[in-house]
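K.L.:
fold the following and give me the result.
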Amino acid sequence: MRHALLGFALRASTHHALKAVVLVGLSVGFTLSAEARVGGGQGFSSGSGGSSGRGGGDGEILVDIFFLLIHLAIEYPAIGVPLLLLFIAGIAIRVMFFSGGRPSYEDRGIGVEKSGRPTRGGHTSSTAQGLAKIRTVDPGFSVPVFLEFAAMVHRRALEASTTNQFDAIAPFASESVQQALVSRFGRRRVRDIVVGATRLVSLVVKPEEHRAEVEFEANYTLGDGDVRYVVTRWAFRRAGTAASLPPDETIALGCPNCGNPVETTPLGACTTCGSPITAGQLQWQATDVQTLSSRPVRPPELRMFSGGEERSVSIPTVVQDEFVTKIRRFIGRHPDFDKARFKQRVEDVYLAIQAAWSHNQWDDARPYVTDPLFQQLRFWIEDYVRSGLRNQLEDVALDSVRIVALDEDAWYETLTVRIYGSMKDSTIDSSGTVVAGNPNKTRKFSEYWTFLRASGTGAGSKPSNTCPSCGAPLDKIGSTGICGYCDSKITTGRFDWVLSRIEQCEVYRG
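P.N.:
Predicted coordinates:
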């Protein structure tokens, strides 16, 4: 990269000088960073230590730009000297006003809120306490199922706000939520809803009621073309005597008592079974919605960087409390579980979804990830497609895998692994020109990936290039995750491990 930049300086022209202006702008922070690489991209920082410890990425590119400007100042003083002064002034401003431990979330879309706060860093202590309590009174409660249910309520309530026809969603969205949505959107049509992230941020369990808060990042289009990025927090409640339904019944959004399509009397009772269902008596109901931020969707924000090691590589591994005991019990219940086969499954999924991401063909990743994660990552890749960009990943490798956490509920088993990977990571435009990243130098990184499967599935880890249900090729997997040969939904973990969550080392808490 450095030699290329020096050569660029020696061959400087007015056209090249304009490129230098862009580089200077990138270096002093006049543009922001790009979402890149599945899981979040390169250069994530928790704010401690500023830009140090990121494998020299920022340092190298700043040195490169400095030498470039020196050569420009010598060869073309009228252009180079002002740019050099601007560069020095910009660095001084960054040091004076933007250092000192302030969070810097660079090159990051997945895994970081656009407001600049880390996301999905593990449950808070109060949420963890709530989970322990709710599993005592309701053994069937499952976080993955609840979040999928909440995402469906979020989507259907937004869609219903367009026509003000909430009858079918009434058991799951209170009148106050309905009124809030109608008031917010009026008669503007809400369409093309893509949920970018769904997070459980609080869970309170009391004898009389259970309360939960879920935060959504989403893209949707208002009216004829106002595409918005919106972060909202939805409050849910249900009666303390309510119990979780099986996953399929939960996400069907039918009558919580009889399962039939929702039709209610004026008093809020199901017309089929007569059960009151519109006040959270039997199922979770959204009771409040708050908009935390809203802005127009902009194209991906780009910056250059060098290779080397990201800071994530050197962060100590977080291992779940009592993990050794838990994994021994797990293997005792599943004597056919083979760690080597599981790790091979992890590598197969890792390579498959990186390839799908790199070629802007995200549907190719459909067999390997859960519905919520598929939508979340599609949320970001569509920014690239819309802007004529592609995040090009080359020489992709998975260097090591370590299992660090295990969780089980009535419906699912999850294994979290810390992965160490490497790749050449760059972003190119429609003409093939590199506009961000570095296609010539390998970058190393580490992340936590959580895999999910249905309880009782068995050893799993079947060949990753065939349907885990019928063994057919994966060329007929629809957007809903259903195999076109056997009509089985293969993305629920019912047949094999599927990826459900990606978290960054800087925010992972176990």
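K.L.:
what about Glu249, neighbour count?
P.N.:
15 (other CB atoms under 10 Å). The C-beta positions use only the backbone N, C-alpha and C, and glycine is treated the same way.
K.L.:
using neighbour counts, pick out the buried residues of the host helix or strand of it.
P.N.:
Assigned by DSSP states H and E, Glu249 belongs to helix 247-252. Residues 247, 250-252 are the ones in helix 247-252 that count as buried (16 or more other CB atoms under 10 Å).
K.L.:
which one among those residues gets closest to Ser293?
P.N.:
Ile251 (27.5 Å; CB to CB).
K.L.:
quick check: the gap between the closest one and Asp371.
P.N.:
9 Å (CB to CB, to the nearest Å).
K.L.:
joint contacts of these two?
P.N.:
Glu148 (CB atoms under 8 Å, 6 or more residues apart in numbering).
K.L.:
walk me through the domains of this structure.
P.N.:
Residue ranges for the domains of the chain, per automatic domain parsing: 2-105, 125-296, 308-504.
K.L.:
rank those by mean pLDDT and give me the bottom one.
P.N.:
Here those differ in mean pLDDT, and the lowest is domain 2-105 at a mean of 52.
K.L.:
next, the buried residues of stretch 384-400.
P.N.:
For stretch 384-400, burial by neighbour count (16+ other CB under 10 Å) applies to 384, 387, 389-393, 396, 398.
K.L.:
what of stretch 335-352?
P.N.:
For stretch 335-352, by 16+ other CB under 10 Å, it's 337, 342-343, 345-352.
K.L.:
strands of this protein, start to end?
P.N.:
Ranges of strands in the chain, per DSSP state E, are 44-45, 104-105, 190-205, 209-222, 226-239, 285-296, 308-309, 389-408, 412-429, 434-454, 498-504.
K.L.:
can you lay out those as TSV showing distance to Glu322?
P.N.:
Below are those laid out as TSV (distance: least, CB to CB, whole Å):
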stretch	distance to Glu322
strand 44-45	29
strand 104-105	32
strand 190-205	21
strand 209-222	26
strand 226-239	30
strand 285-296	35
strand 308-309	31
strand 389-408	10
strand 412-429	14
strand 434-454	18
strand 498-504	20
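K.L.:
how about these, which one is nearest Gln179?
P.N.:
Closest among these, using CB to CB: strand 285-296, at 10.2 Å.
K.L.:
packing partners of that closest one?
P.N.:
helix 143-163, helix 175-185, strand 226-239 (3 or more CB pairs under 8 Å, 6 or more residues apart in numbering; DSSP states H and E).
K.L.:
got the CA coordinates for that strand in PDB?
P.N.:
The C-alpha trace of strand 285-296 is given here as PDB (Å, rounded to 0.1, in the frame of the first residue of the first chain):
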ATOM      1  CA  GLN A 285     -48.200  -7.800  24.000                       C
ATOM      2  CA  ALA A 286     -46.400  -4.600  23.000                       C
ATOM      3  CA  THR A 287     -47.600  -1.800  25.300                       C
ATOM      4  CA  ASP A 288     -45.300   1.100  24.300                       C
ATOM      5  CA  VAL A 289     -43.000   2.200  21.500                       C
ATOM      6  CA  GLN A 290     -40.300   4.900  21.700                       C
ATOM      7  CA  THR A 291     -38.300   6.200  18.800                       C
ATOM      8  CA  LEU A 292     -34.700   6.600  19.900                       C
ATOM      9  CA  SER A 293     -33.300   7.900  16.500                       C
ATOM     10  CA  SER A 294     -34.500   8.400  13.000                       C
ATOM     11  CA  ARG A 295     -32.600   9.600   9.900                       C
ATOM     12  CA  PRO A 296     -32.500   9.200   6.200                       C
END
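K.L.:
so who does Leu200 touch?
P.N.:
If you count contacts by CB under 8 Å, 6+ apart, then Leu200 has 123, 127, 143, 146-147, 212-214 around it.
K.L.:
only whichever of these are buried, select them in ChimeraX.
P.N.:
In ChimeraX syntax, the buried subset of these is picked out as below (16+ other CB under 10 Å):
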select :123,127,143,146,147,212,213,214
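K.L.:
got the contacts of Leu200 as JSON lines, with distance to Ser176 columns?
P.N.:
Converted to JSON lines, the contacts of Leu200 look like this (distance: CB to CB, whole Å):
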{"residue": "His123", "distance to Ser176": "27"}
{"residue": "Thr127", "distance to Ser176": "24"}
{"residue": "Val143", "distance to Ser176": "25"}
{"residue": "Phe146", "distance to Ser176": "21"}
{"residue": "Leu147", "distance to Ser176": "22"}
{"residue": "Ala212", "distance to Ser176": "16"}
{"residue": "Glu213", "distance to Ser176": "15"}
{"residue": "Val214", "distance to Ser176": "16"}
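K.L.:
what's the closest of the contacts of Leu200 to Glu413?
P.N.:
Of all these, Val143 has the smallest distance to Glu413: 12.6 Å, by CB to CB.
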